[in-house]
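J.: Give the three-dimensional model of this entry:
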Amino acid sequence: MGLTLARKGGRGYIPRAVQPTILIVDDEKHTREGLRDSLEDSFDVYVAADIASALNVLESEHVDLVLTDLRLGGEDGMAVIEKALARPHPPVVIMMTAYGGVDTAVEAMKRGAYDFVTKPLNIDRLEILIRRALRSRQVEKQVVELKKVVEKKFGLERLIGHSPAMEEIFDTIKQVAPSRATVLITGESGTGKELVAQAIHTLSGRSKEKFVAMHMAAFSDQLLESELFGHEKGSFTGATERRIGRFEQANGGTLFLDEIGEIGKNTQVKLLRVLGEERSFERVGGNVPIKVDVRLVAATNRELERMVESGDFRDDLFFRLSVVRIHMPPLRERREDIALITAHFLKVAAEENGKPVRELTSDALAALEKYAWPGNVRELRAAIERAVVMGPGAKLTLRDLPPSVRDGAANAPTSIGGVKLPAFSKPGGHLNLHDTEQRMIVRALEETGGNVTKAAQKLGMSRRTLHRRLKELRTEPENPQP
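T.: The predicted model follows:
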């Protein structure tokens with residue numbers, strides 16, 4: 001069964017608790033021992049001569065990275081990849097082989113391998129690759145943990161983001177949710193306005209009561225009044241029985257009125273009354289006041305201030321609705337959230353469609369981040385679901401993205417605010433720490449208009465350090481400011 005754990009305390013030995021764990025799977029004894037001797041000073045190393053031994057390690061120990069040969073006697077090393085990645089907390093996998101070739105490399109990557117190396121091995125290069133792979137996995141874990149923190153902190157699993165704009169929105173939601181103040185949510189279509197309304201309800205004292213949503217643009221004025229306030233039997237042709245409106249349905253809870261800018265003047269007047277001190281209304285065809293306790297949240301993609309100026313929207317209703325305002329920025333203005341949102345949609349789409357897709361290549365992510373997303377988060381979700389359904393492998397590539405996204409990203413500007421955008425990983429490569437650092441530096445420079453001093457302050461580093469990183473990353477601003 002050929003199973004050994006390298007626990008030798010060689011020079012520079014660090015206790016296992018703070019070292020990554022590597023499993024080396026190779027049927028050649030001198031290769032296993034040579035790799036173990038070369039790597040054990042920096043890593044905790046398990047070695048196995050066959051698939052059965054490798055599985056024993058994977059089942060009994062935490063393994064951060066698997067380094068496996070393609071040929072294991074009469075066994076296929078590809079099985080190690082499949083078994084390792086099927087674990088609840090899968091390790092990173094690197095494939096070794098003396099049988100190099102494009103077909104083998106492509107097949108290993110399709111199975112989920114991080115990378116592919118050929119024998120004879122260059123130990124220095126191999127160690128660099130191992131550290132890069134582990135850093136890449138650490139970044140992925142941090143993204144997952146950050147998402148968990150956001151969900152735990154705000155009680156939301158669909159309102160995703162860690163950009164400054166979203167952090168401000170989260171803070172506002174937390175502050176306003178316990179109150180009974182009306183909230184007006186503005187922003188383009190597809191930015192997640194209804195998710196914000198649901199978050200306010202979830203974090204309020206009304207969370208155990210109903211959340212009732214209504215899209216105002218879907219109804220004519222006559223039907224809208226009946227939908228909101230209900231009607232009495234016989235109040236109009238076709239009213240064969242009493243109807244309870246949305247306000248009564250939401251009594252004790254939250255009523256979300258989407259596209260509030262689409263309602264007519266008559267409905268505006270009646271809404272103003274129910275938002276007044278009396279908090280009452282009458283059903284259509286009725287004359288008995290009905291009091292309700294409803295938290296009202298409204299949303300619109302129109303500029304209500306301009307509608308007030310033109311006389312199309314009542315100013316008193318506008319002020320009643322916008323006691324607290326929350327603006328949802330378009331996705332193009334919070335591109336730093338795209339990777340996090342994409343990871344969430346990727347997982348959801350893979351589970352819903354029964355596909356083994358776990359990740360996407362860095363060039364695909366770079367395209368997603370460059371595209372303008374006129375349909376915002378809603379369009380991003382549709383693009384990821386399409387890619388998951390149509391993509392042939394376990395990893396989404398640039399080719400799997402919708403043509404509109406690929407073309408839009410290809411035609412995107414190469415510089416913004418005087419900052420030259422970097423080239424990310426090679427096509428087909430992996431998103432790693434280097435890519436992440438590039439993105440952080442570029443965004444800091446964008447936000448400061450290319451001012452290196454201010455960008456360094458935002459990044460928490462010295463100006464001198466930032467200049468050095470710019471040279472190393474080759475992301476020099478076109479016209480750097482002191």
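
J.: Please report how far residue 173 lies from residue 250.
T.: 19 Å (Cβ to Cβ, to the nearest Å). Quick note: C-beta positions are derived from backbone N, CA and C, even for glycine.

J.: er, residue 328 actually
T.: Residue 328 is 22 Å from residue 250, by Cβ to Cβ.

J.: before we move on, what about residue 131?
T.: According to Cβ to Cβ, residue 131 stands 55 Å off from residue 250.

J.: Which parts of the protein belong to which domain?
T.: Listed domain ranges for the chain are 3-145, 164-330, 332-473 (source: automatic domain parsing).

J.: Give me the mean pLDDT for the shortest one.
T.: When you say that, I think you mean domain 332-473. Across domain 332-473, the average pLDDT comes to 77.

J.: same question, stretch 199-214
T.: Computed over stretch 199-214, the mean pLDDT rounds to 92.

J.: Residue 131 and residue 250: who's more crowded?
T.: More neighbours surround residue 250 than the other of residue 131 and residue 250, with 24 against 15 (other Cβ atoms under 10 Å).

J.: Next up, the contacts around the closest residue to the more buried one other than its chain neighbours.
T.: Excluding the flanking residues, the one nearest residue 250 by Cβ to Cβ, 6 or more residues apart in numbering is residue 212, at 4.0 Å. Residue 212 makes contact with 246, 249-250, 253-256, according to Cβ atoms under 8 Å, 6 or more residues apart in numbering.

J.: distance of residue 212 from residue 251?
T.: To residue 251, residue 212 is 9 Å away according to Cβ to Cβ.

J.: Same check on residue 109?
T.: Taken as Cβ to Cβ, the span from residue 109 to residue 251 is 57 Å.

J.: ok, which stretches of the stretch 1-150 of the chain are strands?
T.: 3-6, 21-25, 44-48, 65-69, 71-72, 75-76, 92-97, 115-118 (DSSP state E, counting those that start in this stretch).

J.: Now mean pLDDT too, for these, in a markdown table please.
T.: Shown next, in a markdown table, are the strands of the stretch 1-150 of the chain (pLDDT from 0 to 100):
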| stretch | mean pLDDT |
| --- | --- |
| strand 3-6 | 45 |
| strand 21-25 | 93 |
| strand 44-48 | 91 |
| strand 65-69 | 91 |
| strand 71-72 | 80 |
| strand 75-76 | 77 |
| strand 92-97 | 87 |
| strand 115-118 | 83 |
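
J.: Any chance of JSON lines for those, columns mean neighbour count and distance to residue 470?
T.: JSON lines is the format used below for the strands of the stretch 1-150 of the chain (neighbours: other Cβ atoms under 10 Å; distance: least, Cβ to Cβ, whole Å):
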{"stretch": "strand 3-6", "mean neighbour count": "17", "distance to residue 470": "40"}
{"stretch": "strand 21-25", "mean neighbour count": "25", "distance to residue 470": "34"}
{"stretch": "strand 44-48", "mean neighbour count": "25", "distance to residue 470": "36"}
{"stretch": "strand 65-69", "mean neighbour count": "26", "distance to residue 470": "31"}
{"stretch": "strand 71-72", "mean neighbour count": "18", "distance to residue 470": "45"}
{"stretch": "strand 75-76", "mean neighbour count": "14", "distance to residue 470": "46"}
{"stretch": "strand 92-97", "mean neighbour count": "23", "distance to residue 470": "29"}
{"stretch": "strand 115-118", "mean neighbour count": "18", "distance to residue 470": "27"}
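
J.: The stretch 301-450 of the chain: strands as residue ranges?
T.: Taking DSSP E, counting those that start in this stretch, the strands of the stretch 301-450 of the chain run over residues 324-327, 359-360, 395-396, 415-416, 419-420.

J.: Tell me the pLDDT of residue 145.
T.: Note on residue 145: pLDDT of 65.

J.: actually residue 52, sorry about that
T.: 88.

J.: do the same with the one 5 residues further on
T.: The predicted local confidence for residue 57 comes out at a pLDDT of 89.

J.: For it, give its distance to residue 270.
T.: The gap separating residue 57 from residue 270 is 70 Å, by Cβ to Cβ.

J.: More neighbours: which of these two?
T.: Per other Cβ under 10 Å, whichever of residue 57 and residue 270 has more neighbours is residue 57, with 22 against 17.

J.: Thought residue 68 was touching the more buried one, still the case?
T.: No - in this structure residue 57 lies outside contact range of residue 68 using Cβ atoms under 8 Å: 11.5 Å.

J.: could you pull out the helices for the stretch 101-250 of the chain?
T.: Taking DSSP state H, counting those that start in this stretch as the criterion, the stretch 101-250 of the chain carries its helices at 102-110, 123-154, 164-176, 193-202, 221-229, 246-249.

J.: so can I have a markdown table of those helices showing distance to residue 310?
T.: Supplementary listing: the helices of the stretch 101-250 of the chain in a markdown table, determined by distance: least, Cβ to Cβ, whole Å:
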| stretch | distance to residue 310 |
| --- | --- |
| helix 102-110 | 58 |
| helix 123-154 | 37 |
| helix 164-176 | 28 |
| helix 193-202 | 23 |
| helix 221-229 | 19 |
| helix 246-249 | 28 |
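
J.: Please work out which of these is packed deepest.
T.: helix 193-202 (a mean of 22; mean count of other Cβ atoms under 10 Å).

J.: distance between that helix and the chain's centre?
T.: On the basis of Cα atoms, centre = their mean, to the nearest Å, helix 193-202 sits 18 Å off its chain's mean C-alpha point.

J.: what do you get for stretch 80-99?
T.: Here the centre of stretch 80-99 is set off from its chain's centre by 25 Å, with Cα atoms, centre = their mean.

J.: list the buried ones in that stretch?
T.: Under the neighbour-count criterion of 16 or more other Cβ atoms under 10 Å, stretch 80-99 has 80-81, 83-85, 90-97 buried.

J.: I'd like to know how far residue 131 sits from residue 90.
T.: Per Cβ to Cβ, residue 131 is found 19 Å from residue 90.

J.: Can you show me the helices along the stretch 301-450 of the chain?
T.: 304-310, 315-321, 338-353, 362-370, 376-390, 403-410, 433-447.

J.: can I get these in TSV with distance to residue 260 and mean neighbour count?
T.: Below are those laid out as TSV (distance: least, Cβ to Cβ, whole Å; neighbours: other Cβ atoms under 10 Å):
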stretch	distance to residue 260	mean neighbour count
helix 304-310	8	14
helix 315-321	7	17
helix 338-353	26	18
helix 362-370	32	22
helix 376-390	19	19
helix 403-410	31	15
helix 433-447	32	20
